[in-house]
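> sequence first, then the predicted structure, then my questions.
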Amino acid sequence: MAKSKGGVVVTQVSRLRCKERMSLDTTRLSVLYVELGQVDAERVICATVEDLAVQLAALEEAAKSRQRAKMRCAIVKVIDLSEHVGLVSMVRTARDLSECIATGDAVAQAAVMARLGRIAERSLTEVWDIGGLSS
């Protein structure tokens, strides 16, 4: 906000820190390890994380070009992939984004897209670390 004081414009800048709560269903990851074994579970988790990154990039690109149909398609894939590895926060936020698109609320859509980006960054890192994929 800019204010004028004696001919001098004073600008006040506020820094907002967004701390997203992230939920991860570690039971889902455990089930993958039990069902598939360590090597195959890590392969599936790694592929899922990579696919999620691709879909999130596609979602962002579709949002920039205002292609709602492509956004909805990418969101469905993000939800499916996130559920597969237990990324509860990603699922919930992607569903919120889908609702914003359906209602045509551009302001809410932009806010939820930003939230999804923050959650995605933390969630993908978390599942990568829990899955022992960083080595």
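Nice, thanks for sending it over. Residues are numbered from 1 along each chain as shown.
> where does pLDDT dip in the protein?
1-8, 10, 12-21, 128, 130-135 (pLDDT under 70).
> can you pull out the helices in it?
26-64, 68-84, 88-103, 106-130 (DSSP state H).
> to V9, which of these lies closest?
Between V9 and the helices of the chain, the shortest gap by CB to CB is with helix 106-130, which sits at 27.5 Å. No exception for glycine: its C-beta is placed from N, CA and C like everyone else's.
> ok, the residue lying closest to M90 once chain neighbours are set aside - contacts?
The shortest distance from M90 to any non-neighbouring residue, by CB to CB, 6 or more residues apart in numbering, is to S82 (3.9 Å). Residues in contact with S82, defined by CB atoms under 8 Å, 6 or more residues apart in numbering, are 52, 88, 90-91, 94, 123.
> rerun at 10 Å
Residues near S82 by CB atoms under 10 Å, 6 or more residues apart in numbering: 25, 48, 52, 55, 88-95, 119-120, 123-124, 127.
> any idea how far it is from R66?
Per CB to CB, to the nearest Å, S82 is found 24 Å from R66.
> again with E50
27 Å.
> also S23?
For S23, the distance to R66 - CB to CB - is 30 Å.
> higher neighbour count, the two?
S23 (14 against 10; other CB atoms under 10 Å).
> excluding sequence neighbours, find me the nearest residue to that one.
Using CB to CB, 6+ apart and skipping residues adjacent in sequence, the residue nearest S23 is V88, 3.8 Å away.
> thought that neighbour was touching D25?
Yes. Checked against CB atoms under 10 Å, the pair V88 and D25 is within contact range at 5.3 Å.
> thinking again about what came up before, redo the helices of the chain as CSV? Include distance to T11.
Below are the helices of the chain laid out as CSV (distance: least, CB to CB, whole Å):
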stretch, distance to T11
helix 26-64, 29
helix 68-84, 35
helix 88-103, 31
helix 106-130, 23
